[in-house]
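Participant: Below: sequence and its predicted model.
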Amino acid sequence: MKIEITEKKDNPLLARQEVKGTLTFNTATPSNDELQKNLAKQLNVDKECIRMKKIGTHYGVSKADFLAFVYNSKEELEKIEPAPKKWVEKQEKKQEAAKKKTEEAAKAKKEAKVAKEEAPKEEAKPKEKKEEAKEEKPVETKKEVSKSEEKKQGAE
């Protein structure tokens with residue numbers, strides 16, 4: 001891809017340069033992102049300070065005209081230019097996905113804590129049952145002994 005800048009116009013009121021030019025390419029028309037990267041290299045500016053406005057191709061030729069705004073800083077760009085809808089939607093989806101992941105991680109931690117707390121309680125319950133069973137057995141033997149004594153007394 002070959003970029004040729006035909007016009008640069010300073011716009012100090014909006015803190016930007018308006019750059020027009022032509023580009024020649026071999027394959028498909030380059031995307032805004034590809035042109036933005038190459039233009040940033042050529043102008044020695046940060047890629048995030050450039051906003052592509054137009055890429056217009058010529059019919060039957062591997063040539064296109066472009067218009068780009070090069071801002072002095074990223075803050076100036078964000079203050080003046082509205083963010084593209086597609087970009088905003090993509091960022092919102094990323095934020096929602098990250099939020100869901102953090103919620104799921106928090107849920108998993110809570111479940112793990114609950115499981116750890118319940119595990120000792122479950123172990124204590126069988127011990128209690130064993131103790132109750134031990135207590136019941138001697139009582140039953142006393143009853144059996146008293147019944148056997150009654151039988152002996154009744155027999156006498």
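Facilitator: Structure's in. What do you need?
Participant: List the contacts of T6.
Facilitator: Going by C-beta atoms under 8 Å, 6 or more residues apart in numbering, T6 touches K20, G21, T22. Placement of C-beta: from N, CA and C, glycine included.
Participant: Now do the helices in the protein.
Facilitator: With DSSP state H as the criterion, the chain has helices at 32-43, 74-80, 85-155.
Participant: related to what we said a few turns ago, out of the contacts of T6, give me the one that has the most neighbours.
Facilitator: Using other C-beta atoms under 10 Å as the neighbour test, those are led by G21, with 18 neighbours.
Participant: residues in contact with that one?
Facilitator: I3, E4, I5, T6, E7, D65, F66.
Participant: roughly how far apart are T29 and Q42?
Facilitator: 18 Å (C-beta to C-beta, to the nearest Å).
Participant: swap in V61?
Facilitator: For V61, the distance to Q42 - C-beta to C-beta - is 22 Å.
Participant: Neighbour count for these two, which is higher?
Facilitator: Neighbour count, other C-beta under 10 Å: between V61 and Q42, Q42 has more, with 13 against 8.
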